[in-house]
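>>> Can you look at this prediction? I've put the sequence above it.
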Amino acid sequence: MRQVILYPGEDGYWVAECPSLPGCVSQGKTKEDAINNIREAIEGYIAALKEDGLPIPEERFDTLLVAV
């Protein structure tokens, strides 16, 4: 299980990032597309690490909403 940050991009697409996997970013026209795409990106990222014999980073982020 991985935390994902989802936010609207400047081009009208939704951007999805997985902070515990550096550089693991995807996007989609809708939130649902972005979520499906980041799920595939996470799976591919982890598969590539395994294939290369590299360690898989632990999920290490907590989220916090700060009102300003």
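Now that the structure is in, tell me what you want to look at.

>>> State the pLDDT value of the residue nearest the centre of the chain.
By CA atoms, centre = their mean, the chain has its centre lying nearest to residue 18, at 2.6 Å. Among the per-residue scores, residue 18 shows a pLDDT of 96.

>>> residue ranges of the strands in this protein, please?
For the chain, the strands defined by DSSP state E occupy 5-8, 14-17, 25-28.

>>> which one of these has the most crowded surroundings?
Ranked by mean neighbour count, the strands of the chain are led by strand 14-17 with a mean of 21 (mean count of other CB atoms under 10 Å). All C-beta atoms are positioned from the backbone trio N, CA, C, and that covers glycine.

>>> name the helices or strands packed onto it?
Under the contact definition 3 or more CB pairs under 8 Å, 6 or more residues apart in numbering; DSSP states H and E, strand 14-17 sits against strand 5-8, strand 25-28, helix 31-51.

>>> Go ahead and name everything in contact with the first one.
Spelled out, it's strand 5-8. Applying CB atoms under 8 Å, 6 or more residues apart in numbering, the external contacts of strand 5-8 come out as 14-19, 31, 34-35.

>>> circling back to that earlier point, any chance of JSON lines for the helices and strands packed on strand 14-17, columns mean pLDDT?
Compiled in JSON lines, those are given as follows (pLDDT from 0 to 100):
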{"stretch": "strand 5-8", "mean pLDDT": "96"}
{"stretch": "strand 25-28", "mean pLDDT": "98"}
{"stretch": "helix 31-51", "mean pLDDT": "98"}
